[in-house]
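**Student:** take this sequence and fold it.
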Amino acid sequence: MGFGSDLKNSHEAVLKLQDWELRLLETVKKFMALRIKSDKEYASTLQNLCNQVDKESTIQVNYVSNVSKSWLLMIQQTEQLSRIMKTHAEDLNSGPLHKLTMMIKDKQQVKKSYIAVHQQIEAEMIKVTKTELEKLKSSYRQLIKEMNSAKEKYTEALAKGKETEKAKERYDKATMKLHVLHNQYVLALKGAQLHQNQYYDTTLPLLLDSLQTMQEEMIKALKSIFDEYSQITSLVTEEIVNVHKEIQMSVEQIDPSTEYNNFIDVHRTSAAKEQEVEFDTSLLEENENLQANEIMWNNLTAESLQVKLKTLAEELMQTQQMLLNKEEAVLELEKRIEESSKSYEKKSDIVLLISQKQTLEELKQSVQQLRCTEAKFTAQKELLEQKVQENDGKEPPPVINYEEDARSVTSMPRQKGDRHVVRLDLPSAPQPPGSARGTGKPQMSASQLMPEEQASLGWRLPSAQGCLRLRVCRACSLKKSSDISPSTAEFKREQERKERVSKLESFRHSIAGLIRGPKSAFGSSTFESMPVIEKPLTEQDWYHGAIPRIEAQDLLKQQGDFLVRESHGKPGEYVLSVYSDGQRRHFIIQYVDSLYRFEGTGFSNIPQLIDHHFTTKQVITKKSGVVLLNPIVKDKKWILNHEDVTLGELLGKGNFGEVYKGILKDKTAVAVKTCKEDLPQELKIKFLQEAKILKQYDHPNIVKLIGVCTQRQPIYIIMELIPGGDFLSYLRKKKDELKTKQLVKFSLDAASGMSYLESKKCIHRDLAARNCLVGENNVLKISDFGMSRQEDGGVYSSSGLKQIPIKWTAPEALNYGRYSSESDVWSFGILLWETFSLGVCPYPGMTNQQAREQVERGYRMSAPQYCPEEIFKIMMRCWDYKPENRPTFSELQKELSAFKKKLT
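**Tutor:** Model prediction:
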């Protein structure tokens, strides 16, 4: 019992199932979020919450779901917990709720992937079994009419004895076209039959089984989330323990392998026998020489069959190589998933593997599609090989017996030497002048024919052994070679022939370069090793993730530089950024009909699209004329994947999103700043500005950047975890313990960090106690570079007072928007006052506007209680109204260091 065997024609039911499950998960998510809030309130709020969620959970689909049963039982048992108010709220937020949010996104991706693949394989099946066959049949009928018409004209020409050669040539062309098309139809028919069988027997069932696998993985993950939820909310009292025993029992009843049994029973459909794809025998009613399902091998098709056989062999080899690569990728990913699953400490951590398992299922689907293609090519190749081997060493039989036709029309016997022969020769080298066999006339080369004549005769590109020549031995007596002057005429003809052969050979080499592929066509390149097939988009060196547009433009400096990024304004949409003709251009990658494209050929994934335009040098759009030349490789030193970090407890909330404690794969504890996905683009750019600045710095008093996760939304900034928390809270918490010596040490640390920033021409713009952190051994570190700017001139101008910390900002910055290291020195003076007042807010009792007005009038805060006189003098120097009179951070560092030594 399974999706693949029982739900082949239940596509709508499967979609409804996924929609219902997503609604259920959203309900669960809503419940957990409200539960966290309700734990901080009184019992009555919790009771009302359970009643509300119980109503929302009554919406059911028409099948029995153990997940739904377990969920409803959880709600009922939760009603008994009305006396609990705030217990374990933080654990619930960083644990089950966060993982459930990730799971909902993964489940939405599973649904999206299923719909896309289903549409793709269904469209391909219709194309192969219907659309392409109908086109071939239409062309088939048309060519039969053309051949019959040519035959009639040939018969008339024989009867009249005029232009018989031209009529015969037209008859040959029409017949050859028909036979070539007939072979195409037979091959296409064979492929369609196999494709249809593969679709219903393997491809579609595999897709459905793949979906079922992911559905069951989701159920397994949901089960683990429920399990973790039940453990977190459990207490030690007997009554509460009994409640959670009931919940645990309901969760244990969830069995991913049997969850959908009832759904399958309800929506099971009987397998309908599909109509066989067969040769349309009505096509042969007007022609007796062609046979159904038989390859026609004769003097008109032997050459094209050899070419087709070679082409099929090459395509089969390429498909087999792609299949091998895919299978290796499957094995590697399976091994990686197995290793990851062993390292997880909690059951619910398997949620972190869902995206990888979805990728694994997609790879398996690709493997099956390649196997279908391989089987199709193999069958077609065997069909051709059988025909070729049967006739190995034999002379291809003529299709049309011209002698019989002539005899039946003219009733006149032929002369002994009369012949009508059309031969295609492959000479090993150009012939010398006057060597045309038996005719005394120069032979006709491929270049002498018009392009349409070459196409109608089935010309193919010449091989390395020589170019094709057409030799016509006429039925009538030909003049001897001695009738033509062997000197001037032959020399002229030989020169013309050499010129034609040279042009044709040049054309052959240019085409052969394209056929051999991008590597030979464009030479060695550092970009040749780009693994288009093996690696997903996020692992491509030229994919920079969700970096801001302005940062992408900074990376593009030379003609043809390019990179791909995720749009900040529209998450999930991808943009190609290119430097061309002095401009930085941005092209949205279109996703239509399950294919990625710009305006030309579509591809199933973005790496294939980019590789195509890079290797072929095809323009992105005709209007722009942009060509991809140099991929801009991302700085891997700072790039991390979202899977590299596991989020833990919530540490707090910042201007852009939440801040979590996180764990890297090597068990390193870090701080993770997240960026809300619904923020305006300009705020997301500001969010990443901090990471861009910190990449350049390494100082013991500057918080360290570990890396950034920009490959997808939400964006993470990974920083070193500072255990002591922010300096302001530390001062207020430890105010009864802190001594003057320690406060001076903190001040010296801040001055040291700011002196380093000053040397790097970095303007912090938001220096305050709240933006400093206390690390191990009470080392103070400068943090929060969200407003920082790095300016070559050391001065940054800004307009507007939005979100500016008024009480910490220098007068020139407030009045004129002029920020510099001198304005940071003013803020440092305020930081000193905060430090020695042990966390008191500056300008106590004043509003922001009042403080600003008082400073303009010359007011300066008095010294905090117990503040050393030397420190207060430093504060007053920092608050000089004229920026040029303030000390530098280098000077402040020296003064504070000297004062610290006096205290020891």
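**Student:** element containing H118?
**Tutor:** Remark: H118 resides in helix 98-126, with elements defined by DSSP states H and E.
**Student:** quick check: mean pLDDT of that helix?
**Tutor:** Average pLDDT, helix 98-126: 91.
**Student:** next one: stretch 658-673
**Tutor:** Rounded mean pLDDT across stretch 658-673 is 91.
**Student:** go on, stretch 392-410?
**Tutor:** Mean predicted lDDT for stretch 392-410 stands at 60.
**Student:** walk me through the domains of this structure.
**Tutor:** 3-389, 416-432+441-476+485-516, 537-631, 642-720, 727-903 (automatic domain parsing).
**Student:** quick one: end-to-end distance for the last one.
**Tutor:** Here the two ends of domain 727-903 are set 22 Å apart, with distance taken as Cα to Cα, to the nearest Å.
**Student:** how far off centre is it?
**Tutor:** Computed by Cα atoms, centre = their mean, to the nearest Å, the chain-centroid distance of domain 727-903 equals 46 Å.
**Student:** tell me which of the domains of the chain sits nearest to P398.
**Tutor:** Nearest to P398, of all those, is domain 3-389, at 5.2 Å by Cβ to Cβ. From N, CA and C alone the C-beta is placed, and that goes for glycine too.
**Student:** the closest one: end-to-end distance?
**Tutor:** The first-to-last residue distance of domain 3-389 comes to 44 Å (Cα to Cα).
**Student:** quick check on E658: phi, psi?
**Tutor:** Backbone torsions of E658, given as degrees, to the nearest 10, read phi -80, psi 160.
**Student:** so how far is D784 from it?
**Tutor:** 15 Å (Cβ to Cβ, to the nearest Å).
**Student:** ok, and the closest non-adjacent residue to E286?
**Tutor:** I144 (5.4 Å; Cβ to Cβ, 6 or more residues apart in numbering).
**Student:** what about the one you found, how many residues nearby?
**Tutor:** I144 has 20 neighbours, counted by other Cβ atoms under 10 Å.
**Student:** so which of the domains of the chain comes closest to P396?
**Tutor:** Nearest to P396, of the domains of the chain and by Cβ to Cβ, is domain 3-389 at 4.1 Å.
**Student:** and after the helix holding H118, which helix or strand comes next?
**Tutor:** Taking DSSP H and E, what comes next after helix 98-126 is helix 132-160.
**Student:** that next one: what's the following helix or strand?
**Tutor:** Defined by DSSP H and E, the subsequent element after helix 132-160 is helix 164-198.
**Student:** that following helix - contacts with which helices or strands?
**Tutor:** helix 98-126, helix 132-160, helix 302-343, helix 354-390, helix 451-456 (3 or more Cβ pairs under 8 Å, 6 or more residues apart in numbering; DSSP states H and E).
**Student:** quick revisit: okay if I get the domains of the chain as a markdown table plus distance to P396?
**Tutor:** Output for the domains of the chain, formatted as a markdown table (distance: least, Cβ to Cβ, whole Å):
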| stretch | distance to P396 |
| --- | --- |
| domain 3-389 | 4 |
| domain 416-432+441-476+485-516 | 11 |
| domain 537-631 | 37 |
| domain 642-720 | 59 |
| domain 727-903 | 77 |
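**Student:** for the ones you listed, which one sits closest to E395?
**Tutor:** domain 3-389 (8.0 Å).
**Student:** run the chain-centre distance for the closest one.
**Tutor:** On Cα atoms, centre = their mean, the centre of domain 3-389 falls 18 Å from that of its chain.
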